Each structure stands twice: as C-alpha cells, then as structure tokens.
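[1] Requesting a structural model of the entry that follows:
(2 chains)
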Number of protein chains: 2
Amino acid sequence: MEIIGFISAILTTTAFLPQVYKTWKTKDVSILSFPMLLMFFLGIFMWLVYGFLKESPSMIFANAVTLISSFILLFFK
Amino acid sequence: MEIIGFISAILTTTAFLPQVYKTWKTKDVSILSFPMLLMFFLGIFMWLVYGFLKESPSMIFANAVTLISSFILLFFK
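    Numbers count the residues shown, from 1 in each chain, chains lettered A, B, ... in the order given. Below you'll find the predicted structure:
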C-alpha cells in the first residue's frame, strides 16, 4: 500500500517544484496571493499531522516536502 | 482523527480554487506547463487510490475535489 502512496508523493511534490524554483529565481510571487498561500501552508501542515495520526510514511514524506516548498513561497511573499 | 483530515482538505482544496477560477475565466494556462499538470493530475489520482486503500474519507474527499479541479486546468491546456 505504501508504494502507491510514495508514487503519489513523488508525482505531486515533483509537479510543485517548478513553481518553487521559478519563484526562487525570479522572486516574483505577484501571481500568488498571500491568503491563498497561507491557507495552503496551514492545510499542508494539517495533512502532515493527519499523516502522523494515520501512521502513513508516504503522507508524512509528501507533506513534509510540500510544507518546505510552500514555506519558501510564503517567505518570498 | 477525520476532523483533522477534513480541516486539511478544506484548506488545501480552497487554496487551489482561485487558480482554477482564474483559468476558467481567462482560459489562460500559459503559466502552467502540460507535463507538470499531467504529473500533478496522475499524482492526485494515485492519492485518491491510496485514500481508498487507507479507508480515509477525508483523503478521498480532498483528492476527488482536486482531481476535478486539475482536470479543468488540464482541459484548458
């Protein structure tokens, strides 16, 4: 079961990386709104908590990576 | 435990909606790349499968909503 979770994790976190890279390079976050980013960040944090409660390694991995990515986006905002 | 999952689900899916709405309105998906969107779509599909395997109502809900949202983005691409 965890292999499904890890494939999912790699697909969704990798898909998110170009946005983070682009933002890192350009420092341009004008297309992203602050409330939306904050909401996303909090949501991912809650998914991480849920992943621990469900004892799901793939959810913990995916949400930890995405939490860092979205923190970078928030940081530049 | 599911309440944590549902709060997460509402936060992350809601944060994603402005992008979908904007794309729907403008039909402009030039900032989104096709491989990235397809990867994201497949990843969300896999998370949905994982949600069923984990018997997690909040994961099933969140990933079903996001699957529809990302399908709309893919459709305009």
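[2] The lengthiest helix in chain A and chain B in contact?
    Longest helix in chain A, counting residues (DSSP state H): helix A:2-26. Yes. Interface with chain B: helix A:2-26 contributes A:4-5, A:7-12, A:14-16, A:18 (C-beta under 8 Å from any C-beta of the partner chain). Using the backbone N, CA and C atoms, a C-beta is placed for each residue, glycine as well.
[3] Including pLDDT and neighbour count, could those go into a markdown table?
    Below are the residues of helix A:2-26 next to chain B laid out as a markdown table (pLDDT from 0 to 100; neighbours: other C-beta atoms under 10 Å in any protein chain shown):
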| residue | pLDDT | neighbour count |
| --- | --- | --- |
| A:4 | 93 | 17 |
| A:5 | 93 | 24 |
| A:7 | 93 | 17 |
| A:8 | 93 | 24 |
| A:9 | 93 | 26 |
| A:10 | 93 | 17 |
| A:11 | 93 | 21 |
| A:12 | 92 | 24 |
| A:14 | 90 | 14 |
| A:15 | 87 | 21 |
| A:16 | 82 | 20 |
| A:18 | 80 | 14 |
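[4] closest to residue A:42 among the residues you listed?
    Distance to residue A:42, by C-beta to C-beta, is smallest for residue A:16 among the residues of helix A:2-26 next to chain B, at 16.4 Å.
[5] gap between the closest residue to the closest one other than its chain neighbours and residue B:70?
    Once flanking residues are discounted, residue A:16 sits nearest to residue A:69: 5.5 Å by C-beta to C-beta, 6 or more residues apart in numbering or on different chains. As judged by C-beta to C-beta, to the nearest Å, residue A:69 and residue B:70 stand 17 Å apart.
[6] Many thanks, I have nothing further to ask.
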